[in-house]
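>>> can you look at this prediction? I've put the sequence above it.
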Amino acid sequence: MPDTYEIFPPESVGSSRGFVIGKHSGRHAIYNRLQSLGVELGTNGELVYSAVSKYCDSNGVISDNKLLEIAQEKLKAITESTNTIK
């Protein structure tokens, strides 16, 4: 437990520790959050990262629901374009 900067653990008031994903978040933070939400990006991580960064530049932070929405939208577009090429 981080005793040096927390007066009490967030669990004692019904909350939890976590990181906010926003315009200063890096690729690995976004990839790890998506992975913890059950999304595997594979080789498509850069496209999703670009879309999330663009969203965060104009909105500041992003919720898990919006993060999932953007990732699913980009992955679906990639799948559709791959199927069109075949």
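Received the coordinates, thanks.
>>> tell me which other helices or strands the helix or strand that contains Ala29 touches.
Per DSSP states H and E: Ala29 is located in helix 27-36. In terms of contacts (3 or more CB pairs under 8 Å, 6 or more residues apart in numbering; DSSP states H and E), helix 27-36 is packed against strand 21-22, helix 45-59, helix 64-85. Using the backbone N, CA and C atoms, a C-beta is placed for each residue, glycine as well.
>>> how far does the shortest one sit from the chain's center?
Pointing back at strand 21-22 there. With CA atoms, centre = their mean, to the nearest Å as the basis, strand 21-22 stands 7 Å off its chain's centre.
>>> go on, the second one?
The gap between where helix 45-59 is centred and where its chain is centred comes out at 9 Å by CA atoms, centre = their mean.
>>> touching that helix from outside, list them.
Residues from elsewhere that reach helix 45-59 (CB atoms under 8 Å, 6 or more residues apart in numbering): 21-23, 25, 27, 30-31, 34, 41, 62, 66-67, 70-71, 73-75, 78.
>>> tell me the contacts of the residue nearest the centre of the chain?
Geometric centre of the chain, nearest residue: Ile30, 4.0 Å, by CA atoms, centre = their mean. Counting by CB under 8 Å, 6+ apart, Ile30 touches 21, 48-49, 52, 67.
>>> just name the shakiest helix or strand of this protein by mean pLDDT.
helix 64-85 (a mean of 85; mean pLDDT, DSSP states H and E).
>>> contact partners of it?
Applying CB under 8 Å, 6+ apart, the external contacts of helix 64-85 come out as 21, 30, 33-34, 37, 39, 41, 44, 47-48, 51-52, 55, 62.
>>> let's go with 10 Å and repeat that
By CB atoms under 10 Å, 6 or more residues apart in numbering, the list of residues contacting helix 64-85 from outside reads 18, 21, 30, 33-34, 36-45, 47-52, 54-56, 59, 62-63.
>>> picking up where we left off before, farthest-separated two in the contacts of Ile30?
By the measure CB to CB, Ile21 and Val48 form the most distant pair in the contacts of Ile30, at 12.1 Å.
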